[in-house]
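Participant: quick check, what structure comes out for this input:
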Amino acid sequence: MKGHRKSIKPIFFLILLGSAVVILFFYKSILISAGEFLAPEEAGNADVVILEGSEVIRGKGVEIGMSLLSLKKAHRLVIVYHNSEKEPIFDRPLNYDIFLTKKIEDCGLKKDQVQVIRVPRNHPITLTEAQIVLSHLSRERVKSAILLAEGFHTRRSYWAYKRIGLPLGIKIIPYSYFTVYQSKNWWQETDGVVAFMTESLKFFYYLVRGYIPVKSLLVT
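Facilitator: Predicted coordinates:
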């Protein structure tokens, strides 16, 4: 028995050493792959571009959405924002949907190229958003959508939309964009590390609660 324990120790040590060597030489590739897992991106054309919801819409997301329209990747930009009328946001105009539409039209899009959809901040927020937005678009006979989501939130958002879109016959194409950190070196930025850890936990929370399927761990 003692001899058996002694033989285990060097094997265990070699495993640890080998793991350390792999991490040392391949840590960048591992971290980049981990980031790409949470921020998947696919190519393709669609009926609409959906800019995923938040309480205040980021300019960069709008710019990317408009660029996709200019490249003929879609015909219309759908902007989703979380309605917070019960808890007004400082310096955000009332009738924010009208304000957004006017701002984007001023940037060069025609009125029929812009659509703003308000959604409540009801738990689970991302899944609730997907249900409301895709139900609305389904009634308009939309069959495909490019989903613009920020950073590492993309995978959870994509699978929430995909789960709702599948029975409605709406194909979802994920498209991630980054603002405060970048996908190729996110671990070098505090915001990137925090976002990665936070979104990893939220992704597994959605998984455990059954809001997204188990296969989201394996396939895009």
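
Participant: okay, now the unreliable bits of this structure?
Facilitator: 1-26, 84-92 (pLDDT under 70).

Participant: spatially central residue in it, please.
Facilitator: Centroid-nearest residue in the chain, with C-alpha atoms, centre = their mean: Thr154, separated by 1.6 Å.

Participant: pop the domain breakdown of the chain in here.
Facilitator: Domains of the chain are assigned by automatic domain parsing as 1-38, 40-177.

Participant: just the strands in this structure please.
Facilitator: With DSSP state E, the ranges of strands along the chain come out as 48-54, 76-83, 114-120, 144-150, 171-177.

Participant: can you tell which of the ones you listed is closest to Tyr205?
Facilitator: strand 144-150 (16.9 Å; C-beta to C-beta). Where you see a C-beta, it was placed from the backbone N, CA and C, and this is true even at glycine.

Participant: show me what the closest one is packed up against.
Facilitator: With contacts taken as 3 or more C-beta pairs under 8 Å, 6 or more residues apart in numbering; DSSP states H and E, strand 144-150 sits against strand 48-54, helix 59-70, helix 154-168, strand 171-177.

Participant: tell me how far Gly169 lies from Lys143.
Facilitator: Using C-beta to C-beta, to the nearest Å, one obtains 6 Å as the distance from Gly169 to Lys143.

Participant: coming back round to it: make JSON lines out of the helices and strands packed on strand 144-150 and add distance to Asn83.
Facilitator: JSON lines is the format used below for the helices and strands packed on strand 144-150 (distance: least, C-beta to C-beta, whole Å):
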{"stretch": "strand 48-54", "distance to Asn83": "9"}
{"stretch": "helix 59-70", "distance to Asn83": "18"}
{"stretch": "helix 154-168", "distance to Asn83": "18"}
{"stretch": "strand 171-177", "distance to Asn83": "23"}
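
Participant: Ser183: which of those is closest?
Facilitator: strand 171-177 (7.5 Å).

Participant: using CSV, write out the CA atom coordinates for that closest one.
Facilitator: Taking C-alpha atoms only, strand 171-177 is exported to CSV below (Å, rounded to 0.1, in the frame of the first residue of the first chain):
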residue,chain,number,x,y,z
LYS,A,171,-32.6,32.4,-37.7
ILE,A,172,-30.3,34.3,-35.4
ILE,A,173,-26.7,35.2,-36.5
PRO,A,174,-24.4,36.4,-33.6
TYR,A,175,-22.2,39.4,-34.1
SER,A,176,-20.2,40.7,-31.2
TYR,A,177,-18.6,44.1,-30.8
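
Participant: list the buried ones in that strand?
Facilitator: Across strand 171-177, burial judged by 16 or more other C-beta atoms under 10 Å covers Ile172, Ile173, Pro174, Tyr175, Ser176, Tyr177.

Participant: likewise stretch 117-133?
Facilitator: Buried-residue list, stretch 117-133, by 16+ other C-beta under 10 Å: Ile117, Val119, Pro124, Thr126, Leu127, Thr128, Glu129, Ala130, Gln131, Ile132, Val133.

Participant: among these, which are in helices?
Facilitator: Those of these mapping onto helices are Thr126, Leu127, Thr128, Glu129, Ala130, Gln131, Ile132, Val133, per DSSP state H.
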